[in-house]
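1. Can you look at this prediction? I've put the sequence above it.
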Amino acid sequence: DQQVKQNSPSLSVQEGRISILNCDYTNSMFDYFLWYKKYPAEGPTFLISISSIKDKNEDGRFTVFLNKSAKHLSLHIVPSQPGDSAVYFCAASDNNDMRFGAGTRLTVKP
Amino acid sequence: KAGVTQTPRYLIKTRGQQVTLSCSPISGHRSVSWYQQTPGQGLQFLFEYFSETQRNKGNFPGRFSGRQFSNSRSEMNVSTLELGDSALYLCASSLNLRNTEAFFGQGTRLTVV
């Protein structure tokens, strides 16, 4: 059961522009959301998170937005840099476990 | 502080064999979760251990099992391997049970031939 969905398997943007990665979830019990970044041959690394009591969390170039009514979250990267090229996984958590999306491969072109 | 260590990094097995993967969490972390990553399927949750007890289990057949030791190290076992078990197996450790901000190892790449 795909409780967390990332419908875009890939995204390509120009360096300096904004990257927007989207994620949808179905379980209304999820109350904590995270984004992980994964480079080839490495495990995912934590990037940014947001609790369901907030609708926005910002950390430098990375901002996560949460729309609880739409069960949708997004990650904005501004400005995008070539080093941001990686696979991005969104994850949603409740008191029991964490579910991941299938990932979106971001390519930032110089 | 050492990160999450998974061994081995790469493994090739034949169908029908069994395999054991190991994960050493970050010192002080008591929760260890296992995930399977295959192309297009993202990270599929296998199970989570906390204080030597399995607390959660994903939708995988009984051929997939695991355990956690008193030092929080965890092992995952897959019996009667199938070609479809070829994947990257990732282990994540965290302080608490909810796996908020879990730290991942580099994974074990299992190939079944």
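-> That came in fine, so what should we check first? Just so you know, these numbers come straight off a predicted model, no measurement behind them. Residues are numbered from 1 along each chain as shown, chains lettered A, B, ... in the order given.
2. residue contacts, the residue nearest to residue B:73 when sequence neighbours are not counted?
-> Nearest non-adjacent residue to residue B:73, counting by C-beta to C-beta, 6 or more residues apart in numbering or on different chains: residue B:24, 5.1 Å away. The way it works is simple: take the backbone N, C-alpha and C, and place the C-beta from them, glycine included. By C-beta atoms under 8 Å, 6 or more residues apart in numbering or on different chains, the contact set of residue B:24 is B:4-6, B:73.
3. Mark which of the residues you listed are part of helices, please.
-> Among the contacts of residue B:24, none falls in helices (DSSP state H).
4. Show me what from chain A comes close to chain B.
-> Residues of chain A lying close to chain B (C-beta under 8 Å from any C-beta of the partner chain) are A:1, A:4, A:6, A:9, A:32, A:34, A:36, A:41-46, A:49, A:89, A:91, A:93, A:95-103.
5. Show me where the chain dips below the pLDDT cut-off.
-> Let's take chain A. Counting by pLDDT under 70, chain A shows low-confidence ranges at A:1, A:96.
6. let's do chain B instead
-> B:1, B:40, B:97-100.
7. need the residues of it near chain A, please.
-> B:4, B:6, B:33, B:35, B:40-45, B:48, B:56, B:58-59, B:90, B:92, B:98-107.
8. Tell me which of the residues you listed fall in helices.
-> Using DSSP H, none of the residues of chain B next to chain A sit in helices.
9. ChimeraX command for the buried members of the residues you listed?
-> Selecting only the buried entries of the residues of chain B next to chain A in ChimeraX, with 16 or more other C-beta atoms under 10 Å in any protein chain shown as the criterion:
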select /B:4,6,33,35,42,43,44,45,48,56,58,90,92,98,99,100,101,102,103,104,105,106,107
